[in-house]
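S.K.: 3D model of this:
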Amino acid sequence: MNNKRTSVVIVDDDPYMRGVLRLMLRSDEYEVVGEAADGEAALGLCNRLRPSVVLLDSNMPNKDGLEVLDELKTAKYAGKVVLISGEATLHKVKLAVQKGAAGFIVKPFNSGTVLDELRICLQKAG
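M.R.: Numbering: from 1, shown residues only. Below is the predicted model of the structure:
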């Protein structure tokens, strides 16, 4: 068994949602290394911590999730970005994937959905 835990940064403007995600990721597999409440703070954290995965809310103040995704990809961020949104239109999902999102989680979600999506994203190459 691999003892290395996957580092995760959680980005959501709702502290309750960040807490729910943090609880879902409590395991030997994942380590939440940082949290941010807006896009600007998320970029700073990701540049500093270089997590393996960013769970990124799509609707936030300052910069929304798609703007943050754009900037991370422009900065050649090597980790996986999973967008989280309550607005799961086909257009939004396609746009997120085109911009480089490794996955998409629809709110409301449950622990199984989040963990399954993370597992799938981490198995994808690149």
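S.K.: Low-confidence ranges, this structure, go.
M.R.: Residue ranges of the chain with pLDDT under 70: 1-3, 125-126.
S.K.: the helices in it, which residues?
M.R.: Counting by DSSP state H, one finds helices in the chain at the ranges 15-24, 39-49, 65-74, 90-98, 111-123.
S.K.: In a markdown table: the ones you listed, plus mean neighbour count and distance to residue 9.
M.R.: To be clear about C-beta, it is placed using only N, CA and C from the backbone, and glycine gets the same treatment. As requested, the helices of the chain are arranged in a markdown table below (neighbours: other Cβ atoms under 10 Å; distance: least, Cβ to Cβ, whole Å):
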| stretch | mean neighbour count | distance to residue 9 |
| --- | --- | --- |
| helix 15-24 | 15 | 10 |
| helix 39-49 | 18 | 5 |
| helix 65-74 | 19 | 11 |
| helix 90-98 | 13 | 17 |
| helix 111-123 | 15 | 13 |
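S.K.: Out of those, flag the one nearest residue 4.
M.R.: helix 111-123 (11.8 Å; Cβ to Cβ).
S.K.: Show me what the closest one is packed up against.
M.R.: Counting contacts by 3 or more Cβ pairs under 8 Å, 6 or more residues apart in numbering; DSSP states H and E, helix 111-123 packs against helix 15-24, strand 53-57, strand 80-85, strand 103-106.
S.K.: one step back: any chance of the helices of the chain in JSON lines, with distance to residue 5 too?
M.R.: Output for the helices of the chain, formatted as JSON lines (distance: least, Cβ to Cβ, whole Å):
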{"stretch": "helix 15-24", "distance to residue 5": "14"}
{"stretch": "helix 39-49", "distance to residue 5": "14"}
{"stretch": "helix 65-74", "distance to residue 5": "21"}
{"stretch": "helix 90-98", "distance to residue 5": "26"}
{"stretch": "helix 111-123", "distance to residue 5": "12"}
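S.K.: Quick check: residue 10 touching residue 31?
M.R.: No: here residue 10 lies out of contact with residue 31, judged by Cβ atoms under 8 Å, at a distance of 11.4 Å.
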